[in-house]
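Student: Pasting the sequence and the predicted model now:
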Amino acid sequence: LIVVQGFETSRFMGKEFSAQVRVRTMRRAQILSGLIYIIFFLLLSPLLGTLSEGSGVAAIISVSALVSLLLPWALTLGATASQLSASVADSVGNVGLLGQLTHGKLDGRHAYVLVAVVGTGILVASDVNQVIALASRAFALFYCLQSAVAWEAARRRPQDRKESWFFAFLAVIAAAVFIFGVPEG
């Protein structure tokens, strides 16, 4: 019900903010999102007894009935805010990444237009389930590459060689999700 995204946005704001400010904002965002999740589960805990009375979807429907007056409003507001936050964060992150990849040759105005055109093109050419599956596989590929970089960095440091295999394992798992992931439905 609650999704918090956009920690990486601060990374691409180096021209506007110092490293200390960017680290502080990322840390605060992670702490805030962690608190939100903890509060969510604390608020959910009185309903866990109702969850154990049913199984699967029936249990979720039983809990939903207890909060049914608020649920449509909370879900709509939460989903809208989450997607707006994610789209803004992803747009800023993509523009920053494009700026880095082109070594500043593509300015922000043109990068935002490019991001909007490509995103709209993907959405028009696909249905919602395909877009979600594509995004999930893209995240898996991203995490695979991040894990591979971490593996290589740890492998080169003698004191981290043992831990490097954990990163290799994560890279293999993420690669499997990317390659073999099948959309539901």
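Tutor: Arrived safely, thanks for sending. Residues are numbered from 1 along each chain as shown.
Student: avg pLDDT for the lengthiest helix in the chain?
Tutor: Selection of the longest helix in the chain by residue count, based on DSSP state H, yields helix 71-101. Across helix 71-101, pLDDT averages out at 82.
Student: In that helix, which residues are buried?
Tutor: 89-96, 98-99 (16 or more other Cβ atoms under 10 Å). In short, each C-beta sits where N, CA and C put it, glycine included.
Student: Next: stretch 155-173.
Tutor: Neighbour-count burial for stretch 155-173, counted by 16+ other Cβ under 10 Å, picks out 164, 167-168, 170-171.
Student: any idea which helix or strand of the protein has the worst average confidence?
Tutor: helix 48-53 (a mean of 66; mean pLDDT, DSSP states H and E).
Student: Under the pLDDT cut-off, which ranges of this structure? List them.
Tutor: Residues of the chain that meet the criterion pLDDT under 70 lie in 1-9, 11-12, 50-60, 64, 67, 183-185.
Student: Would you map the strands across it?
Tutor: In the chain, no strands are defined using DSSP state E.
Student: which one is Thr25 nearest to, not counting chain neighbours?
Tutor: Nearest non-adjacent residue to Thr25, counting by Cβ to Cβ, 6 or more residues apart in numbering: Ser10, 4.7 Å away.
Student: burial of the one you found, as a residue count?
Tutor: Residues within reach of Ser10, counting by other Cβ atoms under 10 Å, total 24.
Student: Any figure for the gap between it and Trp165?
Tutor: 31 Å (Cβ to Cβ, to the nearest Å).
Student: For the residue lying closest to Phe178 once chain neighbours are set aside, give me its contacts.
Tutor: Sequence neighbours aside, Ala140 is the residue nearest to Phe178 in space, at 4.1 Å (criterion: Cβ to Cβ, 6+ apart). For Ala140, the contacting residues are 174-175, 177-178, 181, by Cβ atoms under 8 Å, 6 or more residues apart in numbering.
Student: repeat for Ala174
Tutor: Contact partners of Ala174, counting by Cβ under 8 Å, 6+ apart, are 140-141, 143-144, 147.
Student: Tabulate those (a markdown table), appending distance to Arg109.
Tutor: Below are the contacts of Ala174 laid out as a markdown table (distance: Cβ to Cβ, whole Å):
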| residue | distance to Arg109 |
| --- | --- |
| Ala140 | 32 |
| Leu141 | 29 |
| Tyr143 | 31 |
| Cys144 | 32 |
| Ser147 | 34 |
